[in-house]
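> make a model of this:
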Amino acid sequence: GNLLKSFPYKPAAIVSATFAEVLFLDSDAYVTRDPIDLFVSDPMYLKFGALFFPDAYISRQHPSVWNLLNTTCGEHEYELDSATILVDKKRVWNGIYMTKLMNDNHELFYKYVTDGDKDTFRLGFRYMDVKYYIVMIPCATGSFDGTRFCGWTLCKTDSLAQHIYINHVHLFKYEHISYTRANLGYTRIGLGDPNNNSFFFAHCRLPGASTSCFHIVKKPNPQITDSVCYTGGIQLE
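The predicted structure follows:
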């Protein structure tokens, strides 16, 4: 559809930008704080020159993909949310340009190699041996009903989780979904307070479950916490 046709242009837009340092945002992502601090003082951006942000799921590439690209396996690394990409092109040019080349051939890469444009960033950088940093701070705005947290936006914090800089809207973006209270969990979700560890959560689609909300418990449950679940803590106050 038309939505799919727009995905491959993300790295091309970054490459074509006249700025050396680029903060790319999808049309449904918006800033909540002046992002200048990310450019001038975020320690991981200053160190690596590329700041990526996590999606909700662990990498699903087959090991043969990593072998094909002659790089180390990232099976325990989380997929990227390509709605927000921060790069210094002077420092990571080889990685971002290889990402563009992969998306120039998106019919091949999306169908056989990756889960879409978001994975081409990781794979392109890894193939060219260009280092990057993924901000592994799950964060979302949403509602809490006492047992589940259902998100409306997927937040982006700085690498130290001191401030939320960007919100990426997920609820209401899919027209074929009926947005009733019963299925608000369709959207991806995250940690309410990334600096609090008083409770644990597991983010995964449980067998038979129709939502992907966080199920909040006081102790981790090993029966539902496996390699496809994300564990952490959430502030309930």
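> separation between Thr18 and Lys89?
11 Å (C-beta to C-beta, to the nearest Å). Glycine gets a C-beta too; all of them are placed from N, C-alpha and C.
> Glu21 and Ile85 touch, don't they?
No. Using C-beta atoms under 8 Å, Glu21 makes no contact with Ile85, being 11.4 Å away.
> the two - which one has more neighbours?
Higher neighbour count among Glu21 and Ile85: Ile85, with 25 against 16, using other C-beta atoms under 10 Å.
> if we can go back for a sec, Thr18 and Lys89: which has the busier surroundings?
Counted by other C-beta under 10 Å, Thr18 and Lys89 do not tie: Lys89 has more neighbours, with 18 against 5.
> residues contacting the more buried one?
Counting by C-beta atoms under 8 Å, 6 or more residues apart in numbering, Lys89 touches 14-15, 17, 20-22, 96.
> how does it look with 7 Å?
Contacts were defined as C-beta atoms under 7 Å, 6 or more residues apart in numbering; by that measure Lys89 touches 20, 22, 96.
> repeat for Val92
Contacts of Val92 by C-beta under 7 Å, 6+ apart are 49-50, 130.
> quick one: mean pLDDT for the helix or strand hosting it?
According to DSSP states H and E, Val92 maps onto helix 89-104. Taken as a whole, helix 89-104 carries a mean pLDDT of 94.
> start and end of stretch 121-136, how far apart?
16 Å (C-alpha to C-alpha, to the nearest Å).
> which stretches of the protein form strands?
Secondary structure of the chain (DSSP state E): strands at 21-25, 29-31, 50-52, 54-58, 78-80, 84-88, 133-134, 140-144, 148-157, 164-169, 200-203, 214-217, 230-233.
> ok, back up a step: ok and the helix holding Val92 relative to strand 21-25, angle-wise?
Using axes from the mean of the first three to the mean of the last three C-alpha atoms, to 10 degrees, the inter-axis angle of helix 89-104 relative to strand 21-25 is 40 degrees.
> and helix 89-104, what's buried?
Residues of helix 89-104 classed as buried: 89, 91-93, 95-100, 102-103 (neighbour count, 16 or more other C-beta atoms under 10 Å).
> closest one to Leu154 out of those, please.
Nearest to Leu154, judged by C-beta to C-beta, of the buried residues of helix 89-104 is Thr99 at 20.9 Å.
> what's the separation between the closest one and Arg33?
27 Å.
> and for Phe19?
20 Å.
> dump the residue contacts of Thr120.
99, 102-103, 109, 114.
> typo on my end, Leu23
So Leu23 contacts 35, 86 (C-beta under 7 Å, 6+ apart).
> switch to numbering from 17
Yep, numbering from 17; the last one is Leu39 now.
> how much space separates it from Gly111?
16 Å.
> likewise Phe35?
Phe35 is 17 Å from Gly111, by C-beta to C-beta.
> for Tyr126, same thing?
In terms of C-beta to C-beta, Tyr126 sits 19 Å off from Gly111.
> please apply the same query to Leu84.
For Leu84 relative to Gly111 (C-beta to C-beta), the value is 17 Å.
> around Val81, how many other residues sit close by?
Neighbours of Val81 using other C-beta under 10 Å come to 19.
> which residue packs closest to it, ignoring adjacent ones?
Val129 (5.7 Å; C-beta to C-beta, 6 or more residues apart in numbering).
> between Phe35 and Arg49, who's got more neighbours?
Neighbours around Phe35 and Arg49, counted as other C-beta under 10 Å, are more numerous at Arg49. The numbers are 13 against 9.
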